[in-house]
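1. dropping the sequence and predicted coords here.
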Amino acid sequence: MLYIVSWSITPERRNSAIERFLKTGGAPPAGVTMLGRWHAVGRMTGFGIAEASDVTLIQKWVLEWSDLLTMEILPALTDEQAAPLLAAALGK
């Protein structure tokens, strides 16, 4: 399953978050594949696309960072997965 992972960092936690990211590379736990990650220019926010077959691994990742980041996780579909559902919604 794909997940959209977005995060934000408060100014008070900025330096600690930067230090941890530089130390760990922000790598997710084993079993979660980071497909891409983007950082907003001029803000302490960003988002990534991750893949995991077990949602508990996504929760593990959130717990590893929740002391420094606010994270929002949304399940995601590809165009190929969404298209038949959208067509069905229109009765096509």
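-> Done, it's in. Numbering: from 1, shown residues only.

2. remind me what the helix or strand hosting Arg37 packs against, helices and strands.
-> Applying DSSP states H and E as the criterion places Arg37 in strand 32-39. Judged by 3 or more Cβ pairs under 8 Å, 6 or more residues apart in numbering; DSSP states H and E, strand 32-39 is in contact with strand 45-52, helix 55-65. Every residue, glycine included, has its C-beta placed from N, CA and C.

3. residues of it that come out buried?
-> The neighbour-count check on strand 32-39 (16 or more other Cβ atoms under 10 Å) flags Val32 as buried.

4. now find how far off-centre that strand is within its chain.
-> Per Cα atoms, centre = their mean, to the nearest Å, the displacement of strand 32-39 from the mean C-alpha position of its chain is 7 Å.

5. contacts for it?
-> Residues from elsewhere that reach strand 32-39 (Cβ atoms under 8 Å, 6 or more residues apart in numbering): 2, 26-28, 45-52, 57-58, 61.

6. how about these, which pair is most distant?
-> Thr45 and Leu57 (23.0 Å; Cβ to Cβ).
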